[in-house]
Every structure is written in C-alpha cells, then in structure tokens.
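*Asks:* build me a structure from this.
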Amino acid sequence: MPFTLPPLPYSTSALAAQGMCQETLELHHGKHHNAYVTALNGLVESKGLAGKSLETIVAEAGKAGADGLPVLNQAGQHWNHALFWQVMSPKGGGDKLPGNLASKIDSDLGGLQAFKDAFKQAGVSQFGSGWAWLIIGSDGKLKVTKTPNGANPISTGEGTPILGCDVWEHAYYLDFRNVRPNYLENFLNKLVDWEVVGGLLDKGGLTTGQTA
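*Replies:* So this is what the prediction gives:
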C-alpha cells in the first residue's frame with residue numbers, strides 16, 4: 001500500500017495558544033509533510049522499496065550514503081514528522097514528567113533543566129535545516145543529538161528517537177520569525193506532551209506501521 005499522511009491528533013487551530021498558529025500547522029502538515037509522502041510514494045517502484053516498512057527504508061537509506069539521499073530526504077522527513085505531530089499537544093508543556101521519563105532524564109542527562117539546555121543547544125547549533133532529538137541510544141541511555149535535513153538517528157545508527165523538534169524554518173517562521181532559540185524554548189515549555197514521550201520510552205520508540 002502507498003504511504004499515507006497521518007492525520008493530526010488535534011485540530012490545526014489547537015496549538016495556537018501554545019505558540020504554533022493555525023496557518024503554520026496547515027502549511028507544515030498539509031503542504032510540507034504531504035509533499036514528502038507524495039514524493040516517497042513516487043520512489044517506491046524505482047528504488048525497490050515495495051514491502052519494506054518505513055523504519056527499514058530510513059535505516060537502509062542512511063547506510064547507503066550519498067546513493068541513499070533521494071530516498072532518505074523523503075522517507076526520513078515522513079518519519080520525522082510522524083513523530084513530531086505526536087509529541088505535541090494542546091495540553092503539553094510544564095515540568096511534570098511521568099516517573100519513568102523523569103528518572104531516566106535525571107540519571108542519564110543530569111536532570112530536566114540540563115536536558116532542556118542541551119536540547120535547545122542542539123537545535124540552535126544545527127546549521128541550516130535539521131532536527132533536534134532526544135533518543136534512546138544503543139546502550140539504552142537517553143542522549144540528546146541533532147541531524148541535518150531529513151536525516152534522523154535511525155538513519156545514522158545513533159539510536160531511536162522519542163522526541164524530535166523540527167528546526168527547518170517553515171516550522172517556526174510564521175510564529176517566531178528567525179528567532180529559533182525562542183521557538184525551541186516554547187516547544188519544550190508549552191508544546192511537548194511528556195506523557196506521550198514517556199510512553200515512547202516504554203515502547204522503545206515509535207513504529208509508524210506504514211509499509212511501502
């Protein structure tokens with residue numbers, strides 16, 4: 001079956017009070033994400049992707065280096081956005097994390113504020129387009145990292161993301177203009193649904209269930 005654009009888990013106006021306006025969501029989800037899905041479906045036959053899961057496609061494209069970029073640019077962005085929409089909520093934000101997540105952040109990253117500082121720095125220091133991540137590393141510990149363009153920690157082999165923030169300009173320009181640090185701070189303090197992130201930690205990451 002062809003890949004499909006997942007519906008938002010909230011309305012396009014639901015995050016406006018938390019700093020992500022309706023126009024941003026309409027353009028980002030309905031135009032940008034949809035374009036990645038459409039382009040990926042156009043590559044399925046020519047790139048021999050039929051029958052493979054989205055996660056497998058992303059991992060294999062990452063290992064293929066420059067030859068894998070045409071696929072990674074689309075498959076990576078499809079996966080990245082599928083996670084991005086899920087980890088935000090109209091009820092997001094705050095500093096009350098589920099116990100499992102709070103304990104791991106304390107033990108692996110030195111506490112919530114240290115994590116937020118590291119995550120914000122990862123997003124700010126990603127030159128040009130890309131993503132900031134909280135991942136379960138190969139050693140089972142939480143780590144903060146970043147990737148350029150459509151890559152993600154699955155494609156790089158670093159680990160499995162449980163939180164991702166899009167730092168392409170289309171993600172924040174209408175709401176924050178060119179001030180990426182403010183966007184990242186707002187994302188962490190007002191948009192992240194920590195219950196969802198804690199659930200992803202328990203499950204070992206996101207599986208989209210989509211197959212070419």
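*Asks:* my read is that residue 194 contacts residue 94, right?
*Replies:* Yes: counting by C-beta atoms under 8 Å, a contact exists between residue 194 and residue 94, whose distance comes to 7.4 Å. C-beta: built from backbone N, CA, C; applies to glycine.
*Asks:* tell me which of these two has more neighbours.
*Replies:* Here residue 194 and residue 94 are compared on neighbour count by other C-beta atoms under 10 Å; more neighbours surround residue 194, at 22 against 11.
*Asks:* so who does that one touch?
*Replies:* 92, 94, 96-98, 101 (C-beta atoms under 8 Å, 6 or more residues apart in numbering).
*Asks:* cutoff 10 Å now
*Replies:* 87, 89, 92-98, 101-102, 105, 112, 163, 188 (C-beta atoms under 10 Å, 6 or more residues apart in numbering).
*Asks:* helices or strands next to the lengthiest helix in the chain in the packing?
*Replies:* Longest helix in the chain, counting residues (DSSP state H): helix 69-86. The contact analysis (3 or more C-beta pairs under 10 Å, 6 or more residues apart in numbering; DSSP states H and E) places helix 69-86 against helix 34-41, helix 54-63, strand 130-137, helix 153-156, strand 159-166, helix 194-203.
*Asks:* return the distance of the last one from the chain's centre.
*Replies:* It refers to helix 194-203. 14 Å (C-alpha atoms, centre = their mean, to the nearest Å).
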